[in-house]
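Novice: Build me a structure from this.
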Amino acid sequence: MRGEAAAAEATEQTSRLLWESCRRDPDPVAVRRSLAEGADVAVAVSAASRHRIDALLWRALGAAGRRGALGADAATLHAVVEARRMEAVLLIPRAVARSVGPLTEGGLQPVVYKGPAVAARYPEPGLRPMEDIDILLPAADHGRALELLQGAGWRVARAGGSGHYDTVLLHDRVPSVSLEVHYGLEHGSERVTALDPAALWARRVPMDCAGTPAYGLAPADELVVLAAHAGKPFHGFMRLVWIADLAMIVGETTGRGVPVDWDEVRAVATRAQCLTVVGAALALARHAGVEAPLELFPLPSRGFRGRALRQLLSVTWPLTGSQLHRYRLNYALTDAPARRVRSLVALVGNWHGLRVRVRARADAFLRPGAGRRRDASEHLLP
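Specialist: Residues are numbered from 1 along each chain as shown. Below is the predicted model of the structure:
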């Protein structure tokens, strides 16, 4: 029992160290406290890499004067951080110019969201990793956009259509960054919100993106879109960097003396039928210092949905998130009843498939000949 208690304490303190790293301004005292109370630094380094916050962990340990706790991991982590910084300073501005420039010169008005639009809100370059640039344009402009981009040296790596909602392009001059030109935000078969890409684009605001004139999402739209992206099916809040994004944006906005209009955020989330996923994202962001008025974003507290959300919002989520099945989380986060039923059907079907698989394997072990006579329904497993 004593060993279990020590392990649980280490998990909690390691998680707190990761959350502290996601704050816009990590508290050195809190970082040192987590280390003193049993945080496992090796586990934190591994988790930070998985959550894409390794540069943020390096920054937090530096602020607390505790990088020595990294031991042999220090050199490796430092090299990663320096590479990210160089990429942010040299590569990303070039990639944005090559992707946005041809579009604006051709008379289009591309909205840049996620990636470089969010990275600019972090206090230092290189803290926010990215592998792609996401651009949103109306569906009617998609063909023209591809013509302009291909004329500027981009080539299509994966076309839109056939269940996709964007076209992915690559450029030889920026080989480590892909460009995703969106005309939608969700797969039709996985749609769990009513976010309207055309309406988001229509509310665009001018912005400077890594030195290139472009457009961004309106402030409330941006928070809702980022929260919905973090909690979408197959994402399920499994990366802390998505929560760090919210902490950085809210912190940067507040620092400029422009308070977040939380009533407008709620209105956007309500219209888009994603109030629960936004509320969950903001509740998670409280671990990273975001003080949103949670009474505006109520979460289910009873039954199946309530249990799943309590598990999601645990302070240990960064290390225990894989214990919550994604179908359960999808069901809990989805607002529209019809879409929630679809998630429930997927959950029931998944458990049925698991039972079929276990039964078939048991038969194969107990009766070797049975392995060749498996139920045909096993082939329906995802």
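Novice: and residue 134, what helix or strand is that in?
Specialist: strand 132-136 (DSSP states H and E).
Novice: Pull the residues that contact the next helix or strand after that strand.
Specialist: Using DSSP H and E, the helix or strand that follows strand 132-136 in sequence is helix 142-151. For helix 142-151, contacts defined as Cβ atoms under 8 Å, 6 or more residues apart in numbering pick out 99, 102-103, 105-106, 108, 110, 135, 137, 156, 160, 167, 169, 179, 181, 183. Where you see a C-beta, it was placed from the backbone N, CA and C, and this is true even at glycine.
Novice: Now do residue 304 against residue 260, distance only.
Specialist: Note on residue 304: its distance to residue 260, by Cβ to Cβ, to the nearest Å, is 31 Å.
Novice: Mind checking which of these two has more residues around it?
Specialist: residue 260 (18 against 13; other Cβ atoms under 10 Å).
Novice: Now do the SS call for that one.
Specialist: coil (DSSP: H, G, I helix; E, B strand; the rest coil).
Novice: ditto for the one 10 residues further on
Specialist: When the structure is reduced to helix, strand and coil (three-state DSSP), residue 270 reads as helix.
Novice: returning to what we had before: tell me which strands the strand holding residue 134 pairs with, and in which orientation.
Specialist: Paired neighbours of strand 132-136 in the sheet (DSSP bridges): strand 111-113 (antiparallel), strand 178-182 (parallel).
Novice: In a helix, residue 77, correct?
Specialist: Yes - membership of residue 77 in a helix is supported by three-state DSSP.
Novice: show me the contacts for the nearest residue to residue 269 once chain neighbours are set aside.
Specialist: Distances taken as Cβ to Cβ, 6 or more residues apart in numbering place residue 278 nearest to residue 269, at 4.2 Å, with adjacent residues excluded. Going by Cβ under 8 Å, 6+ apart, residue 278 touches 223, 224, 227, 228, 265, 266, 269, 297.
Novice: Out of those, list just those in helices.
Specialist: Among these, the residues falling in helices (DSSP state H) are 223, 224, 227, 228, 265, 266, 269.
Novice: Among these, which one sits closest to residue 193?
Specialist: Nearest to residue 193 among the ones in helices among the contacts of residue 278, counting by Cβ to Cβ, is residue 228 at 5.4 Å.
Novice: got a pLDDT number for the closest one?
Specialist: Note on residue 228: pLDDT of 96.
Novice: Check residue 77 too.
Specialist: According to the prediction, residue 77 has pLDDT 96.
Novice: Am I right that residue 214 sits in a helix?
Specialist: No - the assignment for residue 214 is strand, going by three-state DSSP, so no helix is present there.
Novice: That one: neighbour count?
Specialist: For residue 214, the neighbour count with other Cβ under 10 Å is 24.
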